[in-house]
Structure formats: C-alpha cells, structure tokens
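1. Sequence plus the predicted model coming up.
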Amino acid sequence: MERMFKKNRVMIVPLFFIILLAACSVLSKGVEVTLSVPEFPGPLKDKIVSVYFTVTYFGPGGSEISSVYPPETESVTLTGLKQNNAPYVLYPVIMCKGSPVIFSPAGGIYPLDTRMDKNGIGLKLSWEHGFEADIFRKLMEQNVDTSKINLKRLYVEVDNLDIGNPWLLDKVYIAEKLAGGSFRKTYLKKLSVYSVNIPAAGGDWVMNNPFSGVYTAKEDMGSISFNLTPGFFILIELKSLKYINISVDASGGYKYIKYF
C-alpha cells in the first residue's frame, strides 16, 4: 500500500508543475501599462473637443482590441502584449452635423515609450509618434513580426526630417519596407504635395489632423487654399461643425463634397 502511494505522488507532482509553468507562460505575455492621454497640440489646443476616443492595442494573447472612452478620461490602464515594439494607438472622434469624424491618431510603442513611476509602467502617447504606432498596428494586423525593427532609429530619422507633420510621409511605402524586419533612412519617402482650393463659408477651419493649422475663410472670398498630399481629408469649421470631404488623387486632381 505504501509503495502505491509513493508511486501516485510521483505522478501528481510533475503534472502540478506543468500546469504552473503553463500558467506562468500565459501571464508572462501580458504587461500592465497606464497610457497618458495627450491634449491636442499647437493651434488645435482648446479648439477641438472630442465626444469620445478609442484606444487600439494588442492583448496578451496577440489579438487586437479596441476600447472606447469618454473625452474627460486622462489616463487608461490596460494589459497588453509583452512584446518588443507593441503599439498603442488613440483615435479622437468629434461629431460634425451628426456624423463622427476621426482624427489622425496619437500613439506610443511598448517598451520604448514607457517609463517606471510609483504607479507602475507609464506609456506616453504623443501625436508625433501616432504615425509610427499606426504603421506598427497595421503591420501586426498582417502578422508581421515588428519586434526586431529598429524603432529608436526610426523615431530619430523621422524627427530629423523636421517636417512638422509626419503624415506627409508615404505610410504605405514605409510599411511595405518595414515588413522586411529592418529599417533604413531611405524608407522615409515623402508624398507629393498639390495645391488645392476649396470653396468654403466664412469662419475658422481645420483639417482632421492634429498638426493642422487654422484656416480662415472670409465671407467675401469664400474659399481656402492649401497644400495636400494624395488621400482623403475632412475640413471642419470650428464654430458650426460644418465639414467638407476632400479626396486628392495621385496626380493632384481633387474632388470635394460639402456637408452644410
């Protein structure tokens, strides 16, 4: 009887440790971080009021998660993927004549944008790094391993361009090149810029981009001229929240639809 008890005990102990190791392995994939929500920068500060914002990130299991938060939220604590170069992307949303308008995002990437404080791991979101975080999000959606990309050098080279607005860069081209797992300065290709003239009612207007200037249309002129890259844009009047959808093609031709 004693021999049988010892034999059974030997079989149970390894099973317990296997379960324990498996549990630790799952837990090690997650890391709790607290995101700080940034204010709009420069000319848009105190002019744009979000009705809500969404945060998109990758959970401990590697699946993409999106959560919605009220505009007064100052920080968000999440458990994300414990992996090098894991992005967190914040999209502000405002309502224009009953329609949601999404701004280009703020972002941060774990662990390079993190810091330790008394409350744990803080992850600083910024408008400047929203461009890179959005690229890394799209790469991870396509199951690209972003962990070995030299993110620090990417940050430095984008900053060194000193273009003020990183969304002037060709995000699609950069993502295609980064998908190979490396980074070179030559990947930072600028988009072509074209002159656009849009008829608009009098008032102060902004683009749905955190680096937008404030464009004033006078009643007697009724139009705004600026330079845009190929793509889709939304021009918003700050007081009335009227808006205009603008599309610019690869050759500089453009169309617009007014929502007044």
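-> Noted; the coordinates are in hand. Numbering: from 1, shown residues only.
2. When you work out contacts or count neighbours from here on, use the C-alpha atoms and nothing else.
-> Noted.
3. and the nearest residue to Asn227 once chain neighbours are set aside, how far is that from Asn85?
-> Distances taken as C-alpha to C-alpha, 6 or more residues apart in numbering place Ser195 nearest to Asn227, at 4.5 Å, with adjacent residues excluded. Distance, Ser195 to Asn85, by C-alpha to C-alpha, to the nearest Å: 37 Å.
4. Between those two, tell me which one has more neighbours.
-> Set side by side, Ser195 and Asn85 show more neighbours around Asn85, with 25 against 12, by other C-alpha atoms under 10 Å.
5. Now for the more buried one: which residues touch it?
-> Contacts for Asn85 (C-alpha atoms under 8 Å, 6 or more residues apart in numbering) come out as 109-112, 136, 146-149, 151.
6. who wins for most neighbours among those residues?
-> When neighbours are taken as other C-alpha under 10 Å, the top entry among those is Phe136 (27 neighbours).
7. would you say that one is within a strand?
-> No - assessed with DSSP: H, G, I helix; E, B strand; the rest coil, Phe136 is helix; it does not lie in a strand.
8. And it, how close does it get to Lys148?
-> 12 Å.
9. Return the set of buried residues in the longest strand that the chain contains.
-> Counting residues, the longest strand in the chain under DSSP state E turns out to be strand 86-96. Under the neighbour-count criterion of 16 or more other C-alpha atoms under 10 Å, strand 86-96 has 86-94, 96 buried.
10. Can you lay out those residues as CSV showing distance to Ser67 and pLDDT?
-> Formatted as CSV, the buried residues of strand 86-96 follow (distance: C-alpha to C-alpha, whole Å; pLDDT from 0 to 100):
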residue, distance to Ser67, pLDDT
Ala86, 16, 98
Pro87, 14, 98
Tyr88, 11, 98
Val89, 11, 98
Leu90, 10, 98
Tyr91, 10, 98
Pro92, 12, 97
Val93, 13, 97
Ile94, 16, 96
Cys96, 22, 95
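11. ok, so of the residues you listed, who is nearest Ser104?
-> Tyr91 (6.6 Å; C-alpha to C-alpha).
12. That closest one bridge partners, please.
-> Beta-bridge pairing for Tyr91 (DSSP bridges): Thr54.
13. Confirm for me that it is in contact with Ala106.
-> Yes - counting by C-alpha atoms under 8 Å, Ala106 is a contact partner of Tyr91 at 6.7 Å.
14. Next, show the common contact partners of those two.
-> What both Tyr91 and Ala106 touch, as defined by C-alpha under 8 Å, 6+ apart, is an empty set.
15. Below-threshold pLDDT in the stretch 1-150 of the chain: ranges please.
-> Applying pLDDT under 70 to the stretch 1-150 of the chain picks out residues 1-28.
16. Strands of that one, residue ranges please.
-> 30-36, 52-58, 64-69, 75-81, 86-96, 99-102, 106-110, 114-117, 120-124 (DSSP state E, counting those that start in this stretch).
17. Pick the most buried one from those.
-> Mean neighbour count (mean count of other C-alpha atoms under 10 Å) peaks for strand 106-110 among these, with a mean of 26.
18. Compute the inter-axis angle for it and strand 86-96.
-> If you take axes from the mean of the first three to the mean of the last three C-alpha atoms, to 10 degrees, strand 106-110 sits at 170 degrees to strand 86-96.
19. Which strands or helices does strand 106-110 pack on?
-> strand 86-96, strand 120-124, helix 130-141 (3 or more C-alpha pairs under 8 Å, 6 or more residues apart in numbering; DSSP states H and E).
20. CA-only coordinates of the first one in PDB, if you can.
-> Only the C-alpha atoms of strand 86-96 are listed here, as PDB (Å, rounded to 0.1, in the frame of the first residue of the first chain):
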ATOM      1  CA  ALA A  86       3.900  46.600 -29.400                       C
ATOM      2  CA  PRO A  87       1.800  49.700 -30.500                       C
ATOM      3  CA  TYR A  88      -0.900  51.600 -28.600                       C
ATOM      4  CA  VAL A  89      -3.000  53.900 -30.800                       C
ATOM      5  CA  LEU A  90      -5.500  56.500 -29.700                       C
ATOM      6  CA  TYR A  91      -8.100  58.000 -32.200                       C
ATOM      7  CA  PRO A  92     -10.000  61.100 -31.200                       C
ATOM      8  CA  VAL A  93     -13.600  61.400 -32.500                       C
ATOM      9  CA  ILE A  94     -15.700  64.600 -32.800                       C
ATOM     10  CA  MET A  95     -19.200  64.900 -34.100                       C
ATOM     11  CA  CYS A  96     -19.800  67.100 -37.100                       C
END
